[in-house]
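Asker: build me a structure from this.
(chains A and B)
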Amino acid sequence: MKLKASLFSRRKFLNGLLAGGAGSLAASLLYPLLKSVIPPYREPDEVRVPLADYSALAPGEVKGFAWDIKPGFLKKKADGTLAAFVGVCTHLDCNVSYLPAKKKFFCACHEGWYDEEGRNISGPPPAPLRRLTVVLEGETIIIKKEAPE
Amino acid sequence: MNAGQWWTRFRSWLDDRLGWGAVLAFLRQKKVPQTRHTIWAYTGSAILLFFIIQVVTGIILAFYYRPTLEGANSSVARIMNEIPLGWAVRSIHSWSATFMIALVMVHLTSIWILKSYRRPREVTWMSGVLLLICTVAFGFTGYLLPWDDLSLAATKVGTDIPRAIPLVGNFFTKLLRGGEDVSGDTLTRFFGIHICVLPLALLAVLVVHIFLIQRLGMSLPLEAEIKKKPVKEIPFWPNFIFREMILWLFLLGILLSLAVFLPPGLGASADLRAPAPEGIKPEWYFLFLFQTLKIFPAHVLFMSGETLAVLFIMAGGLIFFFYPFLDTKPASAKGKVLTAIAWLFIAYALALSIWSLLD
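Answerer: Residues are numbered from 1 along each chain as shown, chains lettered A, B, ... in the order given. Purely as a prediction, here's the structure:
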């Protein structure tokens, strides 16, 4: 049977070809563009600080160190070993401070409190401060990115 | 041929090519309804005034500003201390931003309460919401650029909030920050967004917004729509324009006085590892959102309070964007419930802002 008029006109076909072609070109360019907008970042596997800087700490005392671009805290525990925390609030990423008088970590942005073990005790923080593993190697403290057991 | 004749001939030569006679003819016969609500019609052009000031002062600031970790704070200090009248340019830019956002709020509230978004002005409203988002984004990205403790903490919080959105949140946070954390890349990126992406986006939407206002004309207040009686009108040119000029001069006077006597300060250069300064608060237009985040508990049922708060805020934003499709009544219907909801929201925002200020 021969149709009197075409169901799909030449113009419609060309419109579809242009729209489909332009659309898929744009889509194929989108991926590399999106890929390039986020630079690579790798958290350090470990940070080394001299033990001498921290040997004077009394039990319960806390001193800061640089965990790459973030603040870190080293705390001397009652048994003389060291515990390490990343000093970044788990609520909205503000840097926390340690208040020795209260023996607590404090985030000033939304009044979040953590106890000296880094546990979230009051305010909006949903989780404890992130902990890092501390290893002593001669005169060097090595802080590793894994959480302690 | 004297100068006047030459000018006339030049204009008609140009008009033959551009065909702008039709636009001028339209503006000459354009009328603006004169009612007790006409005062709100002046807020739009006042916003435009402050936007123009932002563009001009922003270009001058960009001549000297350096968007890098090492250069940002010191280049702003140089603008304040060394560049002739640099302090005034920055102060005007900062105050004009505040004025622009305040007027955007007034503009939007008046349209919301007076229900001018109703058919056929739905798209005008939606383009307006996009302009609001651009304006607030200008404020947010600009706030980081001086790179002091306050601006760093505000940006850390602000860019961490999208993370609470399920599925796509992490990507958005990384996109905004240029990585997992706020760093020098964030600063450079915010500068690019502030001086390139947002101006282009805002101008594109603004063209649509202004075109639609001309095409559809000013909306009439509810009383006039109900009574169906003709409203008194005044010509756009010269009556309305001259009234606008009076307002512009008045606002310029206030702006310059504030800018001269209360220039913004500049803290010491931000340290990525320093604790957040105590008692930090965002700019006034974010206070009610800031306080909302603060009062949400850490956990609600199965999700974190933050996620719930962010989902609430996003749902609010979506409802706001599609508002004309929720209120589909004809222009002459009263809609008391929606008016009450609008007032309730305004009361909530004001109450939480004041609470946050006193806190």
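
Asker: which residue packs closest to B:Met126, ignoring adjacent ones?
Answerer: Excluding its sequence neighbours, the residue lying closest to B:Met126 (Cβ to Cβ, 6 or more residues apart in numbering or on different chains) is B:Phe321, at 6.0 Å. Where you see a C-beta, it was placed from the backbone N, CA and C, and this is true even at glycine.

Asker: which residue packs closest to residue 135, ignoring adjacent ones?
Answerer: Since you didn't name a chain, this refers to chain A. Nearest non-adjacent residue to A:Val135 (Cβ to Cβ, 6+ apart): A:Ile142, at 4.5 Å.

Asker: nope, chain B please
Answerer: Closest to B:Thr135 by Cβ to Cβ, 6+ apart is B:Val104, at 5.2 Å.

Asker: tell me the contacts of that neighbour?
Answerer: B:47, B:131-132, B:135 (Cβ atoms under 8 Å, 6 or more residues apart in numbering or on different chains).

Asker: what about the residue in chain B positioned nearest to chain A, how many residues nearby?
Answerer: Nearest residue of chain B to chain A: B:Pro275, at 3.5 Å (Cβ to the nearest Cβ). The tally of other residues near B:Pro275 (other Cβ atoms under 10 Å in any protein chain shown) stands at 23.

Asker: ok, for it, nearest residue in space, not its chain neighbours?
Answerer: Closest to B:Pro275 by Cβ to Cβ, 6+ apart is A:Ser97, at 3.5 Å.

Asker: surely the residue nearest to A:Val135 meets A:Val134?
Answerer: Yes: look at A:Ile142 against A:Val134 with Cβ atoms under 8 Å: they come within range, at 7.4 Å.

Asker: hmm, which helix or strand of chain B has the shakiest average pLDDT?
Answerer: Using mean pLDDT, DSSP states H and E, strand B:299-300 stands out as the lowest-scoring helix or strand of chain B, at a mean of 70.

Asker: given it, what are its sheet partners and their directions?
Answerer: Strand B:299-300 sits in its sheet next to strand B:303-304 (antiparallel), going by DSSP bridges.

Asker: which helices and strands does the helix or strand just after the strand it pairs with pack with?
Answerer: On the C-terminal side of strand B:303-304, the closest following helix or strand by DSSP states H and E is helix B:305-321. Helices and strands touching helix B:305-321, by 3 or more Cβ pairs under 8 Å, 6 or more residues apart in numbering or on different chains; DSSP states H and E, are helix B:122-144, helix B:287-295.

Asker: what is the nearest of the contacts of B:Val104 to A:Glu43?
Answerer: B:Thr135 (36.0 Å; Cβ to Cβ).

Asker: since we're on the closest residue to B:Gly179 other than its chain neighbours, how many residues are nearby?
Answerer: Closest residue in space to B:Gly179, ignoring its immediate chain neighbours: A:Tyr41 at 4.4 Å, by Cβ to Cβ, 6+ apart. For A:Tyr41, the neighbour count with other Cβ under 10 Å is 15.

Asker: hang on, A:Tyr41 in a strand?
Answerer: No: looking at A:Tyr41 with DSSP: H, G, I helix; E, B strand; the rest coil, it is coil, so not inside a strand.

Asker: any chance of the backbone angles for it?
Answerer: phi -140, psi 130 (degrees, to the nearest 10).

Asker: average pLDDT for the host helix or strand of A:Tyr114?
Answerer: In the assignment (DSSP H and E), A:Tyr114 maps to strand A:112-115. Strand A:112-115 comes out with an average pLDDT of 92.

Asker: partners of it in the sheet?
Answerer: If you go by DSSP bridges, strand A:112-115 pairs up with strand A:104-107 (antiparallel), strand A:120-122 (antiparallel).

Asker: among the ones you listed, where is the model least confident on average?
Answerer: Taking the mean pLDDT of the strands paired with strand A:112-115, strand A:120-122 comes last: a mean of 89.

Asker: near chain B, which residues of chain A?
Answerer: A:37-39, A:41, A:43, A:64, A:66, A:69-71, A:87, A:89, A:91-97, A:107-111, A:120, A:123-126 (Cβ under 8 Å from any Cβ of the partner chain).

Asker: so the residue nearest to B:Met105 when sequence neighbours are not counted: helix, strand or coil?
Answerer: The shortest distance from B:Met105 to any non-neighbouring residue, by Cβ to Cβ, 6+ apart, is to B:Tyr285 (7.2 Å). Per three-state DSSP, the local secondary structure of B:Tyr285 is helix.

Asker: so B:Tyr285 touches B:Phe138, yeah?
Answerer: No: with contact defined as Cβ under 8 Å, B:Tyr285 does not reach B:Phe138; the gap is 11.2 Å.

Asker: find the centremost residue of chain B, please.
Answerer: B:Thr135 (3.0 Å; Cα atoms, centre = their mean).

Asker: how close does the nearest residue to A:Lys76 once chain neighbours are set aside get to chain B?
Answerer: Spatial nearest neighbour of A:Lys76, excluding adjacent residues (Cβ to Cβ, 6+ apart): A:Leu57 at 4.0 Å. Distance, A:Leu57 to chain B, by Cβ to the nearest Cβ, to the nearest Å: 19 Å.

Asker: so A:Leu57 makes contact with A:Gly80?
Answerer: No: A:Leu57 is beyond contact range of A:Gly80, at 9.6 Å (criterion: Cβ under 8 Å).

Asker: if you count surrounding residues, which of the two has more?
Answerer: A:Leu57 (16 against 8).

Asker: list the residues that contact that one.
Answerer: Here A:Leu57 is in contact with A:63, A:74-76 (criterion: Cβ under 8 Å, 6+ apart).

Asker: so what's residue 112 up against?
Answerer: All of this is about chain A. Counting by Cβ under 8 Å, 6+ apart, A:Gly112 has contacts A:89-91, A:96, A:106, A:120, A:122-125.

Asker: my question was about chain B, not that one.
Answerer: So B:Trp112 contacts B:323, B:342 (Cβ under 8 Å, 6+ apart).
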